[in-house]
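# 3D model of this:
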Amino acid sequence: MSRRSTSSSSSRRGDQSYVDHKDERATLSEQQTLSSLRGKEVPFPLRLHKTLELATKSNSPIVSWLPHGRAFMVHDKIRFEAEVLGPYLQIKSMDQFKSQLASHGFRRMGRGSGCDAGGYYHELFLKRRDFLAFRMTKISSSKGKGYRKSSSESSDPDLYRLPSC
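Model prediction:
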C-alpha cells in the first residue's frame with residue numbers, strides 16, 4: 001500500500017506530494033524477473049540500483065544513497081564517469097547518464113534541499129527495494145520532463161519526514 005506524504009507549508013520545502021512505496025512488496029512476477037535477468041537486458045534503473053548497492057557495501061566515496069534511502073548522490077563526478085559509468089552502467093558520459101535519469105523520471109534535489117541538494121530521487125527508486133525499479137516507466141521524450149534542476153526551494157519533498165528505507 002502506498003502512502004502519500006505532503007510537506008507542510010511551514011517546512012522549508014513546500015507542497016510537493018511524494019508517494020511512499022517503502023512498504024510495498026514484490027509481486028511474484030517481479031521476483032521471477034529479478035532472478036532471471038542477465039547482462040545488458042537489465043533495465044537502466046535496476047543497473048543503477050545494483051551499482052548503488054555495491055557502492056554501499058564497499059563504502060564508496062564516489063556515489064551513495066542518502067541517509068533516508070530515498071535518493072542518491074554522486075560525490076565525485078570525475079571518478080564516477082571514469083570508474084562507474086562504463087563498467088557498471090554501460091554509459092559513456094555524464095550527459096548520457098543525466099539523459100537516462102531524465103527519461104526515467106528522476107528529479108534532482110534543488111539548492112533548498114539542504115544536504116540533499118544535487119541528489120537524485122524517484123518515488124520508485126528506494127534503497128533495498130530493487131523490485132520497484134521494474135515499475136518505473138521510460139518517458140518517451142525527456143525534453144522538459146523528468147530530471148530538472150530545481151531553483152525553487154518549495155518544489156522538493158522533505159524526504160527526512162518519511163521513515164528511512
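
# give me the nearest residue to the residue most central in space within the chain, chain neighbours excluded.
Closest residue to the average C-alpha location of the chain: residue 121 at 3.9 Å, with Cα atoms, centre = their mean. With sequence-adjacent residues excluded and distances taken as Cβ to Cβ, 6 or more residues apart in numbering, residue 121 is closest to residue 71, at 3.7 Å. Every residue, glycine included, has its C-beta placed from N, CA and C.

# ok, residue 45 next?
Nearest in space to residue 45, with sequence neighbours left out and distances taken as Cβ to Cβ, 6+ apart, is residue 133 at 3.8 Å.

# torsion angles phi and psi at that neighbour?
The phi and psi values for residue 133, taken as degrees, to the nearest 10, are phi -60, psi -30.

# for this protein, what spans make up the helices?
According to DSSP state H, the chain carries its helices in the segments 28-36, 44-57, 77-79, 86-89, 94-103.

# contacts for the shortest one?
Think helix 77-79. For helix 77-79, the external contacting residues (Cβ atoms under 8 Å, 6 or more residues apart in numbering) are 61-62, 94.

# worst average pLDDT in the helices of the chain?
The stretch with the lowest average pLDDT out of the helices of the chain is helix 28-36, scoring a mean of 78.

# pull out the buried residues from that helix.
Residues of helix 28-36 classed as buried by neighbour count (16 or more other Cβ atoms under 10 Å): residue 30.

# off-centre distance for it?
Relative to the chain's own centre, helix 28-36 is displaced by 21 Å; criterion: Cα atoms, centre = their mean, to the nearest Å.

# the bottom helix or strand of the protein by mean pLDDT?
Scoring the helices and strands of the chain by mean pLDDT, DSSP states H and E places strand 3-6 at the bottom, with a mean of 42.

# hang on, isn't the residue nearest to the centre of the chain packed against residue 110?
No. Contact criterion Cβ atoms under 8 Å: residue 121 and residue 110 do not qualify, at 11.3 Å.

# so which bits of stretch 104-120 are buried?
Neighbour-count burial for stretch 104-120 flags 104-110, 112-113, 116, 119-120 (criterion: 16+ other Cβ under 10 Å).

# closest one of these to residue 21?
For the buried residues of stretch 104-120, the residue nearest residue 21 by Cβ to Cβ is residue 105; the value is 13.4 Å.
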